[in-house]
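Q: Compute the structure for the input listed below.
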Amino acid sequence: MRQVYLDYSATTPVKEAVMKAMIPYFTEMFGNPSSLYTIGATSKEAMEKARVQVAKLINAQDKEIFFTASGTEADNWSVFGIADALKNKGNHIITTKIEHHAMLHSCDYLEKHGYDVTYLDVEPDGRVNPETLKAAITDKTILISIMFANNEVGTIQPIKELAAIAKENGVIFHTDAVQALGNVHIDVKELGIDLMSMSAHKIYGPKGTGALFIRKGVKLSNFMHGGAQESKKRAGTENLPGIVGFGKAAELAYENLDEHVKKISELRNYFVDQVMSKIENVTLNGSKEFRLPGNANLTFEFIEGEAMLLYLDMKGIAVSTGSACSSASLVPSHVLSALGIPVERIHGSLRFTVGDPTTKDDIDYVVEELVGVVNKLRNISSVSKTKGW
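A: Just a heads-up that it's a prediction; the model follows:
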């Protein structure tokens, strides 16, 4: 059976060049980067090369990149690190209602421990109105965390403008760029970002490796305690093969960014156009203008997204009803809810995301099968209503 993967926002396959770069660090060059002898020094050199590669992708200094085990860890470190480091200044944090659960659950934890958190509303397209942010800032605000691009609907935020507001008010600005990295141009200096979370497995690198950009001068308490790794900021023996893979993936993303964005934007637009022209009562969720190049979050009225997903899976097509981190939950998407979409329509939504391996033939196959699945499910739904089931 033909297999078509259209869930690149959930994870991506490791590219061959990335795997090739990683393999030696599992075997002959396995030294601990903290060791003083030659094999350790060789590992340290490889790790520092990867730090430079990741830094180059976002126009940062290599000393501003700190490797973590995931984007989730980077988000947690940012929130808890600032909350602890600046607790004498204030206890107010601002974020949005459409953040990844790595941020929302961290903020929920802090609320239970005496912190005040404001969850900003977003516009119907998923964008934060800068005036809404301005109005939420108080003299107790110590952190503003707004994701660069949403993992479900792909909406890209006006990060430069939002970061400028934070700076004007003397507040640290963090952004979760896990979805944006490798899909849009990111220049942390130009954008005015203080802290930024990243993950390797979203850019054709290995799982289990992430990074946090910490702008020089930002005071951030440690999240992991133990050894002196990562300039004494993040304890624990570094995942050397993963870090090397992250570095190579970042290098490839930097070299191929424009080509990558052009290709997947065209495929995404072709997919949306085909679906809209062949299936009635379909809505594109999120911003049409400010959107990740590979993302198409669509609502199909009168049917359930879970049923569509399962039928498509039987055809060898992998898609998502939302974030992979909450796909097992039957609770309506908090992102689509924040956009003002009614519950019954939320349940009929699917996220399709294309990637580098995707072809036009793949899209044609998915559209053809999707038309059949939607028609079948709507006929069943129609029969059910008629018979009062």
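Q: Okay, buried residues for the worst-scoring helix or strand of the chain on mean pLDDT please.
A: The element with the least model confidence among the helices and strands of the chain, by mean pLDDT, DSSP states H and E, is helix 360-386, at a mean of 88. Buried residues in helix 360-386, defined by neighbour count with 16 or more other Cβ atoms under 10 Å: 362-363, 365-367, 369-370, 373-374, 377-378, 381. No exception for glycine: its C-beta is placed from N, CA and C like everyone else's.
Q: For those, could you give me CSV that also reports distance to Pro293?
A: Rendered in CSV, the data for the buried residues of helix 360-386 read as follows (distance: Cβ to Cβ, whole Å):
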residue, distance to Pro293
Asp362, 16
Ile363, 14
Tyr365, 21
Val366, 17
Val367, 19
Glu369, 23
Leu370, 20
Val373, 25
Val374, 25
Leu377, 29
Arg378, 30
Ser381, 33
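Q: Which parts of the protein belong to which domain?
A: 4-11+258-381, 16-253 (automatic domain parsing).
Q: From start to finish, how long is the longest one in a straight line?
A: In this case it means domain 16-253. One end of domain 16-253 sits 14 Å from the other (Cα to Cα, to the nearest Å).
Q: Could you shift the numbering so residue one becomes 46, and keep it that way?
A: Got it, the first residue is 46 from now on, which makes the last one we talked about domain 61-298.
Q: if we can go back for a sec, chain center to the least confident helix or strand of the chain, what's the gap?
A: With Cα atoms, centre = their mean, to the nearest Å as the basis, helix 405-431 stands 29 Å off its chain's centre.
Q: what packs against that helix?
A: strand 49-50, helix 285-323, helix 350-359, strand 362-363 (3 or more Cβ pairs under 8 Å, 6 or more residues apart in numbering; DSSP states H and E).
Q: Mind doing that once more with 6 Å?
A: For helix 405-431, the packing partners by 3 or more Cβ pairs under 6 Å, 6 or more residues apart in numbering; DSSP states H and E come out as strand 49-50, helix 285-323, helix 350-359.
Q: Compare the ones you listed and report which one is nearest to Asp166.
A: Between Asp166 and the helices and strands packed on helix 405-431, the tightest spacing by Cβ to Cβ is seen for helix 350-359, at 24.1 Å.
Q: got the buried residues for the closest one?
A: In helix 350-359, residues buried by neighbour count (16+ other Cβ under 10 Å) are 350, 352-354, 356-357.
Q: any idea how far Gly281 is from Glu118?
A: Note on Glu118: its distance to Gly281, by Cβ to Cβ, to the nearest Å, is 10 Å.
Q: So for the two, which sits in the more crowded spot?
A: Just comparing Glu118 and Gly281: by other Cβ atoms under 10 Å the higher neighbour count belongs to Glu118, 20 against 14.
Q: For Ile182, give its distance to Asn214.
A: Computed as Cβ to Cβ, the Ile182 to Asn214 distance reads 5 Å.
Q: if you count what's nearby, which of the two comes out ahead?
A: When neighbours are counted by other Cβ under 10 Å, Ile182 and Asn214 differ, and Ile182 comes out ahead with 18 against 15.
Q: Can you give me the separation between that one and Leu381?
A: According to Cβ to Cβ, Ile182 and Leu381 sit 27 Å apart.
Q: Share the number of residues neighbouring Lys179, please.
A: By the other Cβ under 10 Å criterion, the neighbourhood of Lys179 contains 12 residues.
Q: so which helix or strand takes in it?
A: With secondary structure defined by DSSP states H and E, Lys179 is part of helix 175-181.
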